[in-house]
Each structure stands twice: as C-alpha cells, then as structure tokens.
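Peer 1: everything below, folded, please.
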Amino acid sequence: LSWLPVDGTSAWNLAVYVPRRRPGPARPLVVEARSALEGTRVSLPLGLGKAAEGTRSLDAKITLSDGRPRDIELTLDELRLAAERIETGGWAARLQSPVATGNLHLPDSTAQPIRADLERISLQLDATALGSKATMQAGDGDPTPTDIPSIDLTAGEVVLNGHPYGELSARARRLDAGIRLEELTLGSDKGQLRLQGEWLTIPEGQRTSLDVDIDTTDLGQTLKDLALSAATQDGSGTFRAQASWSGPPWAPRRETINGQISFRAEKGRFTDAEPGVGRLFGLLNVGALQRRLRLDFSDLFTEGFVFDIAEGDFAISDGLAHTSDTLIDSPAGDIFISGTTNLVTTELDQVVTVTPAISGAVALAGGIAAGPVVGAALLAAGKGINRIATARYRMAGPWQDPKVERLVDPATEPDTTETTGLPEIH
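Peer 2: Residues are numbered from 1 along each chain as shown. Alright, predicted model coming up:
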C-alpha cells in the first residue's frame, strides 16, 4: 500500500470479523478501523491533507484473503476510495470526492506511475491573495516535493469556479529531489493552457520553476475562469511566463520570484477593477484616478474602456517587476507605461505617457495606471483639450491608492492646465 499518502502513528479503534469455519472455500477476514489520525500526517493537496498535530476522521474497511488485503474502502471526510486487488498486480480503484471523480490504477511500486482516468475535476480557485500584501502559506499538512508520485492523468471535464473549462491531460514524473511536470494541457474551444515545471527539495527548502503558455480567443472569460481577473472583457490574447521562486507552487515567497513575462491582447475592454488579483491582470483603481484627476469620464466607461492592442514585457528580479515597453493602443489614444512594481510591498513606481487621439469635442487627457503584470491603464476624458499632444504622469504608492502627479518639463512643455482644460492634480 505504498500509494497511501500517510506517515505517522495514531490510535485506532478496530473491529475484526472472523468467519466461522465451514465446509467449502474459506471466507475472508474483515477489519473495520476508525481513527482521528492524531499523530499521522496526510499528504494530500487541495486542503485534503493534515498535519500530524491535527485531527481528521478516517474510516477504513479492509477485506483480507490468505492474510493479504483484497478490498479496501476508505472514507476521509467527503473523500471516498474503493480499491480492489488486481491479480496481475496493483489496485483498481474508484475515487469520489467534491474535487475529483473517476477511476485509478494504483501500482505496487512507486517506480511506476499512478494512472488516473477521471470523469470530472472541480476546483475553486481563489487568487485574491496575489493582489494584496497577504502571502499564501504552506501548511504542515501540505505535500512536499518528494510526496508526489509519478502520475498520468486525464479528465474529461474540468470545472473552474463553477465554469466548465475543457479537458485536462497531464504527465508528471518523480525525481530524486521532487517532481517534474513534463506536460499539462487544459483546453476548450475558447483557449489552451499549457504548463511545464519542477518542484524540488533543495538545501534551503523548496524551489518551484514553471513555464506557462496561454492562448485564448475569449480573454475576459479565460481570466475569470482561472480566477485571475474579472476586470477584462472580450478580446483574444496570449500570455507567456517563465518564473521560479522559493516555496511550493501555491505559496511563493514573493521576494524570491524571478522570471520573464510577456503578453498581448487584442480587441478587448478594461472594466472597473475588482479587489485582489485583478490588480495584477487588470486595471488599477479607476475611482482613485478619477478623484485625483477630477474628471467625469463616465461616458467612456459605461461599457468599459475599449482597446485595440495591449502588449508588454516584464522582467522580474527578486520580486521587482520592471517594464519599459508596455503599450495600450486604443481609439481614444496611445498609452505607454514604464517603471517598476514591487510584488512584495504591493507598491508601484511608474511613468505613464498618454498621447490622445483628438476627435470632435471629446478628447483624451488622463493616464492609465499599470498593474504589476499587465500594467494596463486608465484613460481620463475631458473637453476642450484639442491643443495638447502628450501628457506624462508619475504614479507611485500602493496599488489600491497610488499618488498621481503630472510631470511637466518646462523647457519643452509649458504648463497648460488653465488653457487646455487639464485638471490640476493635487
């Protein structure tokens, strides 16, 4: 039973049913066991594991034949596993839980991969901690890199936050120091997500490296399904990232994040930003900028801010994300963003250059504030500014409430606040 993810010593209540001797084939011995698992560590992901100090009720029924387990039924909270011994070796099992349902083949040796043919996987993703100073923590009951077995996994349906997303295929192999994700593909008719990476034990602790590719024809829905942002609608896009950090995949130490990110989105809309991870992949606080620029641009944002192209590259070094080429091209104007976002302190220091497209009585006069990855921005509209060409703003401070200052070069750009209709920024 090397595939059982448990380690430790706990008290058990046992009931043993010994069959009476009767003529004919021997009847099996049945053992029923129950434990709170205090003192036993359960190495399962997705909140199903536990530390040795905690408790979690486990019921087991084991049928033995010739002194060996033949059938096993396990119930751990809402997780149920029924396994039957195969004559040629290994176990055929049926898994049922709120997270996953399907069939498993469990080998006798950890040198062989587990095969999981699942009908359904349902996950509730909550990435809001990425948009705040809060850092997700690795728990004592979480698996370690060397706990994860080799596995070949398929799932006919993956549901993310209640939305069907498509089919899943994954292959992972054990290493001496951990696990390598050789390939993971998740996709539907609206997009494909591809992952590769490693999760290793190193002398300093744990190390994760990950390559991410996303291609989608419905950018807004894809970001929403992946719990990354609800601040983008419509559009198509690509996202490429190579990153590494200290810690497990779900709890990076932000000051150790290093890597490269590039993105390109076309024909979409930015809406008002939501809390949390939306500040990574969507607009920063629209209301904050509106108050500072003291402009009424509700007419432009009734249906969201439309863009033709949004693209850029970020280099991340020790938790600092820097861009020098983020561009938003829209019917209202062009926005160019450069600067740094601190993923540890959740603060930004960026310069936003706005070149408005003048059309009739309504023209562009504000700026867009970048979030730390997409670095997208807010355009402010005003009237009577047809005499200005380009405006530059510095945005610095917390993501939730940055300070906005207009930058003026007296040698090349006289202060035209009163004559152009631009607001005075405080």
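Peer 1: scan the protein for its longest strand.
Peer 2: In the chain, ranked by residue count with DSSP state E as the criterion, the top strand is strand 232-246.
Peer 1: now stretch 25-32: average pLDDT?
Peer 2: The pLDDT scores in stretch 25-32 average 85.
Peer 1: okay, buried residues for it please.
Peer 2: Neighbour-count burial for stretch 25-32 flags 29, 31 (criterion: 16 or more other Cβ atoms under 10 Å). Any C-beta I mention is one placed from the backbone N, CA and C, and that applies to glycine too.
Peer 1: which outside residues touch that stretch?
Peer 2: The contact list for stretch 25-32 (Cβ atoms under 8 Å, 6 or more residues apart in numbering) reads 14-19, 59-65, 70.
Peer 1: at 10 Å instead, please
Peer 2: Stretch 25-32 is contacted from outside by 12-21, 59-67, 69-73, using Cβ atoms under 10 Å, 6 or more residues apart in numbering.
Peer 1: ok, residue 101 - how many residues close by?
Peer 2: Residue 101 sits with 17 neighbouring residues when counted by other Cβ atoms under 10 Å.
Peer 1: thinking again about what came up before, pairing partners for the longest strand of the chain, with directions?
Peer 2: Applying DSSP bridges, strand 232-246 is found paired with strand 205-216 (antiparallel), strand 258-270 (antiparallel).
Peer 1: any chance of those in TSV, with mean pLDDT and mean neighbour count too?
Peer 2: Output for the strands paired with strand 232-246, formatted as TSV (pLDDT from 0 to 100; neighbours: other Cβ atoms under 10 Å):
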stretch	mean pLDDT	mean neighbour count
strand 205-216	94	18
strand 258-270	90	19
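Peer 1: would you list these in CSV and tack on distance to residue 407?
Peer 2: Below are the strands paired with strand 232-246 laid out as CSV (distance: least, Cβ to Cβ, whole Å):
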stretch, distance to residue 407
strand 205-216, 34
strand 258-270, 23
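Peer 1: so which of these is nearest residue 311?
Peer 2: Evaluated with Cβ to Cβ, those place strand 258-270 nearest to residue 311, the distance being 4.1 Å.
Peer 1: and the closest one, how far out from the chain middle?
Peer 2: 15 Å (Cα atoms, centre = their mean, to the nearest Å).
Peer 1: shaky segments in this protein?
Peer 2: 1-3, 24, 45-48, 126-141, 227-231, 271-304, 358-389, 409-426 (pLDDT under 70).
Peer 1: tell me where it has helices.
Peer 2: Residue ranges of the helices in the chain, as given by DSSP state H, are 219-225, 278-281, 286-293, 417-420.
Peer 1: if we can go back for a sec, for residue 39, which of the strands paired with strand 232-246 is the nearest?
Peer 2: strand 205-216 (24.2 Å).
Peer 1: quick check: closest non-adjacent residue to residue 117.
Peer 2: Nearest-residue entry for residue 117: residue 103, 5.0 Å, with adjacent residues in sequence omitted and distances by Cβ to Cβ, 6 or more residues apart in numbering.
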